[in-house]
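>>> Here is a sequence together with a model predicted from it:
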Amino acid sequence: MLDFITRQDMPAVLLIDDDMVSREVMATVLTMSGYPVMTAADGEAAVALLTAKTFAPAVILMDAQMPGLSGFELIVQLRPLSAAQLFVMSASEAPAPLVAASDGFLLKPFAPETLAELIGQLAVKQRPAVAPGLDPKETIVNPETLAQLRDMMPESGVKQIFEAIIADLGRRIVALESAVARKDWAETRRLGHAIKGGAVMAGAVQVARIGAQLEAGALEPAKATSPINQSDNSSTILADLRAAAQNLQGMLDAEFKP
């Protein structure tokens, strides 16, 4: 990790990238521009750094694709550990749902001025909630993904995709409730993975985010400080998933009117 003497008035940056050359170059450029920078070679190292509370970044830059902990799973784990603005980076276009779950996107290579502009734009906006609880401003379906689906197939086909996802959600919510009652956390993780997979493909942002939380073990007692909190947490997340399914149905009804 790099740690330079930099300006105190600049936001501290945590840079997460598995490519050593890219990581060191970006860290050097940002540091020369006045940003205090720490780096992590992967998602696990970033989580460990934030958990240790030895560095409190105002901005997190994470590569869109890395081995191990990455993507949605990494965002889900980083959010409770830091209130930093979280930007996804990629040398090509990153998956739209992943960008939607973050605070913004940076195309590599980028200039420090580009980062400063993005930080400034976000300063006047409210960051969508990723912890349990739906934000009414959160995107339900990524419009770019929806447009891509419409380009690929007739309207009836797109409608069938979302109808299938909604029907599948109904079944999986029942299965989740049963798994929670049995304390079968491996099953809740598996169901979360399945929910996330279908939702990501269709650009269902809310559902994909909650699926990622489930896959990361959000329902497990180890994620709560007490059994009461765990019970409340399970109820909240399952309620969020039901609400997300209802939102998806509302989108379907609005977009595909008879």
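Cool, the structure landed.
>>> residues touching residue 87, list them.
59, 60, 61, 62, 102, 103, 104, 105, 106, 115, 118 (C-beta atoms under 8 Å, 6 or more residues apart in numbering). From N, CA and C alone the C-beta is placed, and that goes for glycine too.
>>> out of these, who's nearest residue 68?
Nearest to residue 68 among these is residue 62, at 12.4 Å by C-beta to C-beta.
>>> my guess is that closest one contacts residue 90, does it?
No: the criterion here is C-beta atoms under 8 Å, and residue 62 misses it with residue 90 at 9.9 Å.
>>> For those two, work out which one has more neighbours and name it.
A count of neighbours by other C-beta atoms under 10 Å puts residue 62 above the other of residue 62 and residue 90, at 24 against 17.
>>> quick one, phi/psi of the more buried one?
According to degrees, to the nearest 10, the main-chain angles of residue 62 amount to phi -120, psi 140.
>>> Please name every helix or strand in contact with the helix or strand hosting residue 248.
Using DSSP states H and E, residue 248 sits in helix 227-255. If contacts are counted by 3 or more C-beta pairs under 8 Å, 6 or more residues apart in numbering; DSSP states H and E, helix 227-255 sits against helix 155-182, helix 205-215.
>>> and residue 66, which of the three is it?
Under DSSP: H, G, I helix; E, B strand; the rest coil, residue 66 falls in the coil class.
>>> returning to what we had before: sort out which one of the contacts of residue 87 lies nearest residue 81 for me.
If you rank the contacts of residue 87 by distance to residue 81 using C-beta to C-beta, residue 60 comes first, at 9.7 Å.
>>> got the contact list for that closest one?
Residue 60 sits next to 13, 14, 16, 46, 78, 82, 84, 85, 86, 87 when contact means C-beta under 8 Å, 6+ apart.
>>> gap between the residue nearest to the fourth one when sequence neighbours are not counted and residue 170?
With C-beta to C-beta, 6 or more residues apart in numbering as the criterion, residue 46 has its nearest non-adjacent residue at 4.0 Å, and that residue is residue 40. When distance is defined by C-beta to C-beta, to the nearest Å, residue 40 is 39 Å away from residue 170.
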